[in-house]
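*Asks:* Provided below for reference: sequence and predicted model.
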Amino acid sequence: MTTNTAAAPGTTPQVIVLDTGGQYCHLIARKIRELGVYAEIRPSSTPAAQLSGAKGLIISGGPCSVYDEGSPTVDPAIFSMGAAVLGICYGQQLMALSLGGRVRKGEKGEYGLAFLEIAEGANPLFAGTPARQQIWMSHRDAVEKVPEGFRVIAGTDTCEAGAMVDTLGRLYGVQFHPEVVHTPAGRRILSNFVFSICGCRPDWEPKHQIPAIESRIREVAAGRSVFFFVSGGVDSTVAYTLCLRALGDAKVHGAYVDTGLMREGETEYVKDVFASLGSHGFAVEDASTGFLRALSGVCDPERKRHIIGEQFVRVQEEILERGHFLDSQWILGQGTIYPDTIESGGSANADLIKTHHNRVPGISELIASNRLVEPLHLLYKDEVREIGRELGLPGDLLDRHPFPGPGLAIRCLCSESSAPVERLGPGWLIPVRSVGVQGDCRTYMPVLSVGGLDHDQARRLINEYPGINRVVAAVASQAEIPEMKVCPSDLSAQRLARLRRADAIVRELSAESGFDRQVWQFPVVLIPLGTSERPDSVVLRPIHSVDGMTAQSVTMDVELLQRMASKLLRVEGICGVFYDLTHKPPATIEWE
Ligand code: XMP
């Protein structure tokens, strides 16, 4: 192990981000780590005594107002414990209020791009950045009077205290968000804080962590063996590989549950990956018959998800019991990564848009009795990829698009009844409902099909017609749209096979053209719209995203779109090809 590696788990990071419940909290920690300095997240109210040793503290932005009852606070002692402190947005307001300044409660907010003017005179926080620069603002309240001994060092037209510093140059506050890409000098500002002001030294490179992670796995396992459920995704595969290296092949077992809802060739792909790892304790469990039986005749998206969740629990329990993996000489391995370890306060009370998680009772028991090893629990996704690369895992595996646990089931839409297509505004209302999200609430509404490929028009139409949450463009079809109708259809083996083929065609063409590298994810959806000979249609849903929370529909090259469409229309049973023009919000990425 090289000497410039970070603190092993459990030791003090150089920078600690105090989480006040903002969505940007993980982004801040990730940006600091990208600068080569190890950062971790703690609850904002962590007592100063538990933070000693950190060279820098960053108080994150948060959704609350400092005047809200029960809003997050910090221990005032953090301002005099010797560490440099940077308050961002809500963090700056909290700093101001704690030290005797005043915060003005805003009626309407300031969201989006603004221009920051830096005050005259050298200032280490803004060193090397323009005197007037673009920044990203997202706030309602603002600092009205800085605490005694502080001075304002930057401001915008509408926000006088855009940034402030104390006399000693150890406490800084900024109203804008340096951690987001829309603040172009943000990286430099954070780097100034971390290196010039806090005096941190580079100590973080994920791949150097491998030996420490492996020795931690051995410590936790303490002679016992590890059992994993793997998905074929990046996290579980990297975590499994680390355990294999740490404990040896004989002590690591894994199971992949084939639900029958996977993409074409997926089970073979996963088998090949694990064979190439030299893992002998890896098995595929074919559970497809049970899954398909349980889902037969079910149309409602949430019921589908629940049934899939329950079926997973049943199969996992059975595997654990059959293999005696709950016995005392076994512990459970999981590929949990840092954002799942630390759930930021912001998401705690979110409306249920879609059911994602389910718990196996046997697994809960293992967790409760501390028989759990999570080798990646302090790492971000990009860091996991870097470690995977260092371990020699195949590049195509590490760069795979995310794929939802319930698989093709949530991309194969069903209908209980038949319904005609109807005229609506400039297009046709397709009576197939899909899930959306508006103002943090779930919607479930039909789709409007239009002729053009215009994203702006799509946005306008959704505002204009409150009964829809999605707009698609009709790309090509074997019948005129008004001749098509929605027919009763469920999650049959035949329809799944149809979707699997369509998905494979799209994947092949997007890989060939390099389009797959321009998108974050590319769901292909089957909807029960067509004619009696060709009862289904395909929807293409290429999107850009950072974390799946929000997403933009990606503009596709027309020639590629046409090539895909003409191949798709040759698939048995496919009548039309549509292209989803809707961003998230108001639509979700998946249709169910
Ligand atoms: P939505 O459709 O909610 O999707 O905009 C956001 C991201 O989450 C993925 N997704 C899932 N992932 N289990 C998963 O592991 C699920 O049940 C699930 N549902 C959606 C989706 O593919 C997208 O990346």
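*Replies:* Now that the structure is in, tell me what you want to look at.

*Asks:* quick one: mean pLDDT for stretch 545-556?
*Replies:* Stretch 545-556 shows a mean pLDDT of 89.

*Asks:* just the CA atoms of it, as PDB, please.
*Replies:* Output in PDB follows, covering the C-alpha atoms of stretch 545-556 (Å, rounded to 0.1, in the frame of the first residue of the first chain):
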ATOM      1  CA  SER A 545     -29.000  12.000 -16.100                       C
ATOM      2  CA  VAL A 546     -26.500  12.300 -13.300                       C
ATOM      3  CA  ASP A 547     -28.200  10.200 -10.600                       C
ATOM      4  CA  GLY A 548     -31.600   9.200 -12.000                       C
ATOM      5  CA  MET A 549     -33.400  11.800  -9.800                       C
ATOM      6  CA  THR A 550     -33.900  14.200 -12.800                       C
ATOM      7  CA  ALA A 551     -33.400  13.400 -16.400                       C
ATOM      8  CA  GLN A 552     -33.500  14.900 -19.900                       C
ATOM      9  CA  SER A 553     -34.800  13.200 -23.000                       C
ATOM     10  CA  VAL A 554     -31.900  13.000 -25.400                       C
ATOM     11  CA  THR A 555     -32.100  14.300 -29.000                       C
ATOM     12  CA  MET A 556     -31.500  11.400 -31.300                       C
END
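
*Asks:* give the buried residues for that stretch.
*Replies:* For stretch 545-556, burial by neighbour count (16 or more other CB atoms under 10 Å) applies to 545, 551, 553-554, 556. C-betas here are computed from N, CA, C, even on glycine.

*Asks:* quick check: the farthest pair among those?
*Replies:* Ser545 and Met556 (16.0 Å; CB to CB).

*Asks:* redo the buried residues of stretch 545-556 as TSV? Include distance to the ligand and secondary structure.
*Replies:* Shown next, in TSV, are the buried residues of stretch 545-556 (distance: CB to the nearest ligand atom, whole Å; DSSP: H, G, I helix; E, B strand; the rest coil):
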residue	distance to the ligand	secondary structure
Ser545	7	strand
Ala551	7	strand
Ser553	12	strand
Val554	14	coil
Met556	19	coil
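
*Asks:* low-confidence ranges, the stretch 1-150 of the chain, go.
*Replies:* Low-confidence segments of the stretch 1-150 of the chain (pLDDT under 70): 1-11, 23.

*Asks:* give me that answer again for 50
*Replies:* For the stretch 1-150 of the chain, the stretches flagged by pLDDT under 50 are 1-6, 9-10.

*Asks:* now do the helices in it.
*Replies:* Secondary structure of the stretch 1-150 of the chain (DSSP state H, counting those that start in this stretch): helices located at 25-34, 90-98.

*Asks:* check the stretch 401-550 of the chain too.
*Replies:* Ranges of helices in the stretch 401-550 of the chain, per DSSP H, counting those that start in this stretch, are 455-464, 493-513.

*Asks:* among those, which comes closest to the ligand?
*Replies:* Counting by CB to the nearest ligand atom, the ligand lies closest to helix 493-513 out of those; the figure is 13.1 Å.

*Asks:* quick one: that closest one near the ligand?
*Replies:* No: applying CB under 6 Å from any ligand atom, one finds helix 493-513 separated from the ligand by no less than 13.1 Å.

*Asks:* number of nearby residues for the closest residue in space to Ile367 that isn't next to it in sequence?
*Replies:* With sequence-adjacent residues excluded and distances taken as CB to CB, 6 or more residues apart in numbering, Ile367 is closest to Leu332, at 7.5 Å. With neighbours defined by other CB atoms under 10 Å, the count for Leu332 comes to 21.

*Asks:* would you turn the helices of the stretch 1-150 of the chain into TSV with mean neighbour count?
*Replies:* Shown next, in TSV, are the helices of the stretch 1-150 of the chain (neighbours: other CB atoms under 10 Å):
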stretch	mean neighbour count
helix 25-34	23
helix 90-98	26
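
*Asks:* so can I have JSON lines of those showing distance to the ligand?
*Replies:* Shown next, in JSON lines, are the helices of the stretch 1-150 of the chain (distance: least, CB to the nearest ligand atom, whole Å):
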{"stretch": "helix 25-34", "distance to the ligand": "16"}
{"stretch": "helix 90-98", "distance to the ligand": "26"}
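
*Asks:* of all those helices, which one is nearest Arg371?
*Replies:* helix 25-34 (27.7 Å).

*Asks:* and the angle from that closest one to helix 90-98?
*Replies:* On the basis of axes from the mean of the first three to the mean of the last three CA atoms, to 10 degrees, helix 25-34 is oriented at 100 degrees to helix 90-98.

*Asks:* helix 25-34 - contacts with which helices or strands?
*Replies:* Contacting helix 25-34 under the criterion 3 or more CB pairs under 8 Å, 6 or more residues apart in numbering; DSSP states H and E are the following elements: strand 15-19, strand 39-43, helix 186-191, helix 338-341.

*Asks:* doesn't the residue nearest to Ile367 belong to a helix?
*Replies:* No: under DSSP: H, G, I helix; E, B strand; the rest coil, Leu332 falls outside any helix and is assigned strand.

*Asks:* residues contacting it?
*Replies:* 226-228, 325, 363, 366-367, 371-373 (CB atoms under 8 Å, 6 or more residues apart in numbering).

*Asks:* again, only this time at 6 Å
*Replies:* Residues near Leu332 by CB atoms under 6 Å, 6 or more residues apart in numbering: 227, 366, 372.

*Asks:* could you find the closest non-adjacent residue to the last one?
*Replies:* Meaning Leu372. Leaving aside its sequence neighbours, Leu372 sits nearest to Leu332 (CB to CB, 6+ apart; 5.3 Å).
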